[in-house]
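>>> Pasting the sequence and the predicted model now:
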Amino acid sequence: MIIEGYSGIVGAVKAGQVKLIAVASPERLPQFPDLPTVAENHSGLQGARLASPGCPNGTPTAIVGKVSDVLAKVVSDAGFKESLAKIGSYSRP
């Protein structure tokens, strides 16, 4: 058994070397609608991976705001979402 983000094993999945049995996100992934969530078999159990940018203490508020606005635009972009979906990932801004 491997517990891994899909992007880390996408090659093995596509080659048929790994069989996916469940996803730990709260809901099924759009690219795998038939792949159940762990919670469907084990009520209340779920997992998530978080990736978020950071900056040093003291960074001016205007810069933090600008970076936040740009990132919000990027993660909401349809092309970006499509790129993530190809590797089994998704964003939740």
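Sure, I can see it. Model, not experiment: these values are computed from the prediction.
>>> so where's this structure shaky on pLDDT?
Low-confidence segments of the chain (pLDDT under 70): 1-6, 43-52, 88, 92-93.
>>> make it 50
Under the criterion pLDDT under 50, no range of the chain is flagged.
>>> those helices in it, which residues are they?
6-14, 38-41, 61-76, 78-86 (DSSP state H).
>>> for the first one, packing partners?
Read it as helix 6-14. Of the remaining helices and strands, none touches helix 6-14 by 3 or more Cβ pairs under 8 Å, 6 or more residues apart in numbering; DSSP states H and E. Glycine gets a C-beta too; all of them are placed from N, C-alpha and C.
>>> Just give me the neighbour total for Gly16.
When neighbours are defined as other Cβ atoms under 10 Å, Gly16 has 7 of them.
>>> got it, and Val23?
Counted with other Cβ under 10 Å, Val23 comes out at 20.
>>> measure it to Pro60 for me?
40 Å (Cβ to Cβ, to the nearest Å).
>>> Over to Thr37?
On the measure of Cβ to Cβ, Thr37 and Pro60 end up 41 Å apart.
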